[in-house]
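Engineer: 3D model of this:
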Amino acid sequence: MRKAIIISLILIMSISIFYVPQNNVTENGKSDKSVIFDYDAFSISSVSQKGDTRNSTMYMNQVLTDKQISILNTYRQSDIHTSELSLAEFLIPDWTLYKVEMEIDNITAAEEREVLGVNADYHDFQTEEYMGSYYDQLSQEFYNQPHNGSLVNFSIYYRTGSSYSPASTNYAFLVVRSNKSSPSANITTPEQIESQTIVFEWLTVTETANLTQDTYYYTLIDGKILLDLGTYPIIEWSTDQTDPDPILTERHYTFSDEWNLESSREALLNYTYIPWNQTSNSALVFTSPEQISLEGNSSALTSHHWEWTKDNENITSLSFSSNQSIRINYNLTLWYEQDTTTTTGWEITNPQEIVEWNSTTTV
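Structural biologist: Residues are numbered from 1 along each chain as shown. All right, here's what the predicted structure looks like:
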């Protein structure tokens, strides 16, 4: 017990010896109180602190290059040229695709489909014998477009009578001419017409040929070498009733060697062509969207830079329409946004410097 008391006294004395008042520290052995450290004069060298959280918006984009979209018509709806660009695969969870930019490289003509004699309700446009002479050729006028073209294919809807037997009566041929009366004006290779006696059937010829702007051409069933073996061979080409003054639908009559007009009729003819630059031997390039009445999301498009925006909602697709089949080559920039909260902070790195603020968001 006595030892414990002695140890305690020693500790108290030690603490008393090494305690120095905070405000004044003097040099040892001097009688005057010369202050070495003045704690009240201290300044803080740096300080930082967090502020309030704030609502903010993050943005990002992605660029897609060398893309292409085709705007095409069909034989079923030849007057409608539409296409839709789906952006569903580019949607990102928790982000909103709010803006789309398209930078256009070029707008190039594509396969244009044309239809004559749409309904094909009549079946009396045919080769046949009449008063000892023959209607031996059938002709449908077509094309007359405002630009040069490259023919891709053409089709007729036909049926033959039982009297048409190519092995004995010779073949009739399907051909395109620039002059219906002259075999030397053929612009496609004559295609043999096979016997088709039960139902009407499509006959399609796929062959390339140059077409000149503002020019009519003639698709012919040419039966000039058909033989009459008791009953003249019959080949029917379906027609439609049309308004007066249609493009010419005619039959050649051998007696007078003349072409007779089929009044208010139009033979069923499908054909595909591409507007063509014959100098470069390539598809025609349109210099502006206005040339083809191009629209995007029901708004007329101009120049070669297009933008669409939508507030607080994803753009999921873009719809296009025109008056001509085309292909658009483009680059696409997709812009995204996301609402979030931001932690603010402030800091003074050195005395007497300005306060530095920043906002931090974790992506």
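Engineer: from here on, contacts and neighbour counts on C-alpha atoms
Structural biologist: Will do.
Engineer: What segments of the chain are helices?
Structural biologist: Ranges of helices within the chain are 2-18, 166-169, based on DSSP state H.
Engineer: Out of those helices, which gets the lowest mean score?
Structural biologist: Here the lowest mean pLDDT among those goes to helix 2-18, at a mean of 39.
Engineer: Centroid-nearest residue for this structure?
Structural biologist: Ranked by distance to the mean C-alpha position of the chain (CA atoms, centre = their mean), the top residue is I69 at 2.6 Å.
Engineer: That residue pairs with what?
Structural biologist: In this structure, I69 bridges to I328 when assessed by DSSP bridges.
Engineer: Same question for R177.
Structural biologist: With beta bridges defined as DSSP bridges, R177 has these partners: N186, Y218.
Engineer: now swap in R113 and tell me
Structural biologist: When bridges are assigned using DSSP bridges, the partners listed for R113 are T272.
Engineer: isn't it right up against S78?
Structural biologist: Yes: under the criterion of CA atoms under 8 Å, R113 is in contact with S78, at a separation of 6.2 Å.
Engineer: quick one, which of those two is more surrounded?
Structural biologist: The residue with more neighbours, out of R113 and S78 and counting by other CA atoms under 10 Å, is R113; that gives 23 against 16.
Engineer: what residues are up against that one?
Structural biologist: N73, T74, Y75, S78, N270, Y271, T272, Y273 (CA atoms under 8 Å, 6 or more residues apart in numbering).
Engineer: Show me which of those residues is closest to S133.
Structural biologist: For S133, the closest of these turns out to be N270, at 30.4 Å, with distances computed as CA to CA.
Engineer: how close does the closest one sit to I80?
Structural biologist: Using CA to CA, to the nearest Å, one gets 16 Å for the distance from N270 to I80.
Engineer: These two: which is more packed in?
Structural biologist: A side-by-side neighbour count of N270 and I80, using other CA under 10 Å, places N270 first with 20 against 17.
Engineer: Next one: that one from T206, what distance?
Structural biologist: Distance of N270 to T206, computed by CA to CA: 12 Å.
Engineer: Now do the shared contacts for those two.
Structural biologist: Applying CA under 8 Å, 6+ apart, one finds that N270 and T206 are jointly contacted by F154.
Engineer: Contact partners for the residue nearest to the centre of the chain?
Structural biologist: I69 neighbours (CA under 8 Å, 6+ apart): S83, L85, R327, I328, N329.
Engineer: ditto for Q192
Structural biologist: Listed by CA under 8 Å, 6+ apart, the contact partners of Q192 are Y171, A172, F173, L174.
Engineer: End to end on stretch 205-216, go ahead and measure it.
Structural biologist: 19 Å.
Engineer: Can you list the buried residues in that stretch?
Structural biologist: Neighbour counts over stretch 205-216 (16 or more other CA atoms under 10 Å) mark V205, A209, N210, L211, T212, Y216 as buried.
Engineer: low-scoring pLDDT stretches of the stretch 51-200 of the chain, where are they?
Structural biologist: Along the stretch 51-200 of the chain, the parts satisfying pLDDT under 70 run over 51-52.
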